[in-house]
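Participant: need a structure here:
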Amino acid sequence: MKKKDVNKGNDLKEMFSAMQELEKTKGIPMEAMLENIKKSIEKACKSNYNNDDVVFAVDIEKGIFQAYIQKTVVDEVTDSDREIDESKAREIDVHAIVGSKVRIPVDTKNLGRISVQNARSVIRQGIRDKEREITLEEFKKKNQEIVTAVVENIDPTTGNASIRIDKSIATLTKAEQVGIAELKEGDSVKVYIADVKEHEPGKKGKNKGPRAVISRTCNEFVKRLFELEVPEIYDGTVLIKSIAREAGSRTKLAVLSTNPDVDSVGACIGSRGIRVAKIVEELGGEKIDIIEFKEKPEEFIAAALSPANVLSVEIIDEENKACRVTVPDSQLSLAIGNRGQNARLAARLTGWKVDIRPESGFYGEDDPEKKDDEAREENTEAEENIDISAASEAIGDVTAQNEGSSENAEEVETVKEETAETEEAEEAEEAETTEESESEEASE
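Facilitator: Numbering: from 1, shown residues only. All right, here's what the predicted structure looks like:
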């Protein structure tokens, strides 16, 4: 065997070894990589020889990979790129006849520098496309499920962790690392794949390929943890009706049993609390309130405000889902919770607007003297409004009369004159009476 053939054989073995390594690490099948190599050689042959009628002989075990250009045997050659004379064809294949095709070996080293570079680009692009396809399929299979991933590395600046899910890489941001004390390379961590994006925008409008949106803060993460730990939830005996969560602090869970013999809350808690304890540990000590779902809103709202005791629930506006809850004075702060957390989570869990009031009411709310003062003010305002209305009506009547016909106007003037004369006569009589009285007093 010639030295050239030996070197070529060694190169092919190295190529196949590299492809086998890629198949193990990246999960890319060798058949897919070989197809990309064939396509790149076909493209190079078309560019270099103006002939893309290429066939291949491949044997991985023996380390054989040979490309051939096919030319048609003819009596008279009109296209030297695709046709060959019969006499020359028989030098290659003694059985060649007119109309048949002969295979001419292609030396990839003679394809030219540009053709080789193009071939490499096609191979690399084909491998990247296959990687993305495999990654997308892996993520889609696990979409909306909890998976256990391995930490590859951690960004010292942002704290974001690159984690490996099977053979694909995803990013767990610092904000999503709830319940994890400190991540280290090689650690195993449970995450929830919330969504899979097929095309992730990159720089200059280029797509980065598929990306998994992973989370530890969403409600579904807690739901899937309960499904893993509680068989009754997994088989559908116990249903999770709603979840309200403030990640890293507290979660409220409403459950309902479809079997009257199964206690929904007890099933979730487990014997001696072992089931819920595992979930709390996974969440880094996050508090979990498990309550039984009720069909009646009043009962459900009262249960949702646990651990506080509720005296009564009054539905104020059923259409807008608003209610007023009364609790003992000593339970008010417990019902509201730290910075309103308990009341806020109860509202999210039930879907109702909750107004919490103490049993004795708020200061000044039920003061009888204050109510009497308010009533008197309202009555005074009403009387004033009535007087003003009556006066307005009287003025309106007089105005209407003054704006009447000319005959009415004359009558009004006549009445005025008669009234004036009457008043003068009365004044004269009063004056005479006064003088007579004074004269009588003087004579006496």
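Participant: Just the terminal-to-terminal distance for stretch 314-327.
Facilitator: End-to-end span of stretch 314-327 (CA to CA, to the nearest Å): 12 Å.
Participant: and if you look at stretch 290-299?
Facilitator: 15 Å.
Participant: Going forward, count from 23.
Facilitator: Sounds good: first residue 23 from here, last item stretch 312-321.
Participant: got the buried residues for it?
Facilitator: If you call a residue buried by 16 or more other CB atoms under 10 Å, then stretch 312-321 has these buried ones: I312, I313, E314, F315, K316, P319, E320. (Glycine included, C-beta is placed from N, CA and C.)
Participant: Those into CSV, with extra columns for pLDDT?
Facilitator: What follows is the buried residues of stretch 312-321, written out as CSV (pLDDT from 0 to 100):
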residue, pLDDT
I312, 96
I313, 95
E314, 95
F315, 96
K316, 94
P319, 94
E320, 95
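Participant: low-confidence ranges in the stretch 23-172 of the chain?
Facilitator: Low-confidence segments of the stretch 23-172 of the chain (pLDDT under 70): 23-34, 130-138, 140-141.
Participant: try 90 this time
Facilitator: 23-91, 97-103, 107-118, 126-164 (pLDDT under 90).
Participant: which residue ranges form the strands in it?
Facilitator: With DSSP state E, counting those that start in this stretch as the criterion, the stretch 23-172 of the chain has strands at 76-81, 86-96, 105-107, 123-128, 168-176.
Participant: nearest to R146, of those?
Facilitator: Closest of those to R146 is strand 86-96, at 17.9 Å (criterion: CB to CB).
Participant: So what touches that closest one?
Facilitator: The contact list for strand 86-96 (CB atoms under 8 Å, 6 or more residues apart in numbering) reads 34, 37-38, 59-60, 63, 67, 71, 73, 75-81, 104-108, 111, 118-128, 130.
Participant: Buried members of these into ChimeraX, please.
Facilitator: Filtering the contacts of strand 86-96 down to the buried ones (16+ other CB under 10 Å) takes a single ChimeraX command:
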select :34,37,38,59,60,63,67,71,73,75,76,80,104,105,106,107,108,111,118,123,124,125,126,128,130
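Participant: Dump the strands of the stretch 23-172 of the chain to JSON lines, plus distance to L247.
Facilitator: Output for the strands of the stretch 23-172 of the chain, formatted as JSON lines (distance: least, CB to CB, whole Å):
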{"stretch": "strand 76-81", "distance to L247": "49"}
{"stretch": "strand 86-96", "distance to L247": "51"}
{"stretch": "strand 105-107", "distance to L247": "70"}
{"stretch": "strand 123-128", "distance to L247": "59"}
{"stretch": "strand 168-176", "distance to L247": "7"}
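Participant: Relative to E303, which of those strands is closest?
Facilitator: E303 lies closest to strand 168-176 among those, at 15.0 Å (CB to CB).
Participant: one step back: give me the subset of the buried residues of stretch 312-321 lying in helices.
Facilitator: Members of those lying in helices (criterion: DSSP state H): P319, E320.
Participant: With distance to V335 as extra columns, can I get the buried residues of stretch 312-321 in JSON lines?
Facilitator: Compiled in JSON lines, the buried residues of stretch 312-321 are given as follows (distance: CB to CB, whole Å):
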{"residue": "I312", "distance to V335": "20"}
{"residue": "I313", "distance to V335": "14"}
{"residue": "E314", "distance to V335": "16"}
{"residue": "F315", "distance to V335": "15"}
{"residue": "K316", "distance to V335": "11"}
{"residue": "P319", "distance to V335": "8"}
{"residue": "E320", "distance to V335": "4"}
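Participant: Kindly check the end-to-end length of stretch 217-235 for me.
Facilitator: Start-to-end span of stretch 217-235 (CA to CA) is 5 Å.
Participant: correct me, but W374 touches P319?
Facilitator: Yes. Using CB atoms under 8 Å as the test, W374 is close enough to P319 to be in contact (6.4 Å).
Participant: overlap in contacts of those two?
Facilitator: Common neighbours of W374 and P319 are listed as K343, C345 (criterion: CB under 8 Å, 6+ apart).
Participant: coming back round to it: the buried residues of stretch 312-321 in strands, which ones?
Facilitator: I312, I313, E314 (DSSP state E).
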